[in-house]
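In: Sequence first, then the predicted structure, then my questions.
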Amino acid sequence: MNKQFCRFTLFLLVCFSVPSIAAAQVEISVVPSANNPAVGDQIEVSINIAGAWGVAGYDFTLTFDPTKLEFISIENADFLPTGAFALSPTVGNGSVKYAAAAAAGTDKRNGTLAIATFRVLTETETTIGLEKFEIGNQLAQTIAIAAITGATLNATTSTTDSTTETQVETPTVPSTEPPATDDSTANSTTAAQVEISAVPSIDNPAVDDQIEVSINIAGAWGVAGYDFTLTFDPTKLEFISIENADFLPTGAFALSPTVGNGSVKYAAAAAAGTDKRNGTLAIATFRVLTETETTVRFEKVEIGNQLAQTVAIASITGATINRAAPTASADLEYLLSIPAGISLIHVPLKVTAIDGVARTITSIADLYSALGGASTVNFLTTYDPQTQEWRSYFGAFDTGTSADKILTDDIGIIAGMIAPVSVRLSGSALGTNGNGIITLNPGPNVVGLPLRDSRVMRVSDLFALNGIGGNAPVILLTDGGEFKAVGQAGDPGDIEITGGQSFIVTAQRAATVIIYGEGWTSVR
């Protein structure tokens, strides 16, 4: 099922900004496949609907006790029409947010919306509830719900009536925190070099000035929706408002922003893709609280087309306000040391010199030469996620072939070394103005961190980043020539991250991971 980048379709269908329509006595129920499972059992929990008509989308949050149940997976069932789009779940500590939508309403009245799978951790009584439930039709009207019923497992009393019923009133406004990620079954589209940037109306405003920060896009095609999170220092900037601009086609729908302490989430979508390539997606307004330097960054950016495919992003750049005067600085230096054997490596700088000699590294052939060539290097292997092929560079005869890839800021390389090598690299930071990205495609990805990001000190910290957490269950790396796996903090491979490392990340879905910070250096 094609389920890529459909949150905008969902909220177009289930917009909830219009009054709910009268409906039959719609009932939502949580029904487990077993009422008294044993420890270690996996059970399916069906989210059922009865008495409905014309449903085109749903959005709900399941709640459970994470000390008694372990969430495994959730998937859209067969109630919505064929071709429905479903978002990947957003999994919290004891909660699962899930949503799906179709282009038309179903003619079914009763059935199963979704099926969640859990592993039982204890035989004590526990309840699976619904914290939020919203359904809508293709006219963007909410459908009133008469009752929502949760489920109790391993009840200490009779299990013939193991559910609890709650009368609910469907809210007229949706959650503005849509599920954070998209599903894996549709690849991101190959696109022009799409660039996203935040551009302030004034570079050096005074205290109490209001400034507009435009969220601009360049090099795109067919964009039908966007979803991003801006972050800022709330002690230096006060968020005032944000609005959709004129890049999307007329009639686009925008969600109300979700404003946190130093963050703003915003999304909009249209029924068709725009024919514009460059323009402004949205405009945010802030009040300046201090004249000291501060930055508006992106924590997450996703754009999609009307076919529910993500549009690949080449670069994301934040905005710096009241930037301090630049100071002259020497090139960064990094000592890249690679042991004999197989290692996962990354070139951490825009290299301008190697061991003090002016040279660049822009391709696999350049890297092969810089590491000593045939006397020290057996092979350099990269992975092409578009063709799903591994390509190995064995020597000068591979120069100019598909194995001789141009290096991107996040590309990782598998290096097979005959002998250990250390080279002193000099150059400038990767990324643009302290902003960089990691692009993940469904399946394996070999990637490195373009910048030293203070949020990511150890390998397990990568799971906290939007686009990796909930998307990649494990990260592979090498340490001293030995492969290690990290699935959580404290695993044997959970070492400190360096700029010369890369990682194998097997992603369930396409994602753009935003990295920000300083250039890598290991030579002081």
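Out: Cool, the structure landed. Remember, it's a predicted structure, so these values are computed and weren't measured experimentally.

In: For the residue most central in space within the chain, report the pLDDT, please.
Out: For the chain, the residue nearest the mean C-alpha position is residue 467 (2.6 Å; Cα atoms, centre = their mean). On the pLDDT scale, residue 467 is placed at 88.

In: right, and it touches residue 300 too?
Out: Yes - look at residue 467 against residue 300 with Cβ atoms under 8 Å: they come within range, at 7.2 Å. Glycine gets a C-beta too; all of them are placed from N, C-alpha and C.

In: anything in contact with each of the two?
Out: Jointly contacting residue 467 and residue 300 under the rule Cβ atoms under 8 Å, 6 or more residues apart in numbering are 512, 514.

In: Helix, strand, or coil at the residue nearest to residue 355 when sequence neighbours are not counted?
Out: Leaving aside its chain neighbours, residue 355 sits nearest to residue 424 (5.1 Å; criterion: Cβ to Cβ, 6 or more residues apart in numbering). At residue 424 the chain is in strand, as set by DSSP: H, G, I helix; E, B strand; the rest coil.

In: mind listing what residue 424 touches?
Out: By Cβ under 8 Å, 6+ apart, the residues touching residue 424 are 333, 334, 335, 336, 354, 355, 356, 523.

In: contacting residues for residue 430?
Out: 348, 349, 350, 409, 436, 450, 451, 519, 520.

In: low-scoring stretches of this structure, by residue?
Out: 1-24, 83, 88, 103, 138-141, 155-192, 308, 324-330, 523-524 (pLDDT under 70).

In: per the record, what domains does it have?
Out: 7-166, 195-321, 328-524 (automatic domain parsing).

In: Any figure for the gap between residue 494 and residue 479?
Out: Per Cβ to Cβ, to the nearest Å, residue 494 is found 10 Å from residue 479.

In: Okay, buried residues for stretch 425-441 please.
Out: 425-427, 429-432, 434-441 (16 or more other Cβ atoms under 10 Å).

In: Could you do stretch 213-220 as well?
Out: Neighbour counts over stretch 213-220 (16+ other Cβ under 10 Å) mark 213, 214, 215, 216, 217, 219, 220 as buried.

In: Show me what the third one bridges to in the sheet.
Out: For residue 215, the beta-bridge partners under DSSP bridges are residue 198, residue 282.

In: returning to that earlier point: counting only strands, which of the buried residues of stretch 425-441 make the cut?
Out: 425, 426, 427, 429, 435, 436, 437, 438, 439, 440 (DSSP state E).

In: For the buried residues of stretch 213-220, give me JSON lines that also has distance to residue 200.
Out: Below are the buried residues of stretch 213-220 laid out as JSON lines (distance: Cβ to Cβ, whole Å):
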{"residue": "213", "distance to residue 200": "5"}
{"residue": "214", "distance to residue 200": "8"}
{"residue": "215", "distance to residue 200": "11"}
{"residue": "216", "distance to residue 200": "11"}
{"residue": "217", "distance to residue 200": "16"}
{"residue": "219", "distance to residue 200": "21"}
{"residue": "220", "distance to residue 200": "21"}
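
In: between these, which is nearest residue 92?
Out: residue 215 (27.2 Å; Cβ to Cβ).

In: Quick check, the closest one in contact with residue 195.
Out: No - using Cβ under 8 Å, residue 215 is not in contact with residue 195, being 11.5 Å away.

In: Now the two most distant members of the contacts of residue 424.
Out: 336 and 356 (14.3 Å).

In: Those two: which is more packed in?
Out: Higher neighbour count among residue 336 and residue 356: residue 336, with 25 against 9, using other Cβ atoms under 10 Å.

In: how about the nearest residue to the more buried one, chain neighbours excluded?
Out: Residue 336's closest residue in space is residue 500 (Cβ to Cβ, 6+ apart), at 4.7 Å.

In: Give the phi and psi angles for that neighbour, as a check.
Out: With angles defined as degrees, to the nearest 10, residue 500 sits at phi -90, psi 0.

In: so it touches residue 345, yeah?
Out: Yes - Residue 500 lies in contact with residue 345 (Cβ under 8 Å); the separation is 5.9 Å.

In: quick one: common contacting residues for these two?
Out: 336, 338, 448.
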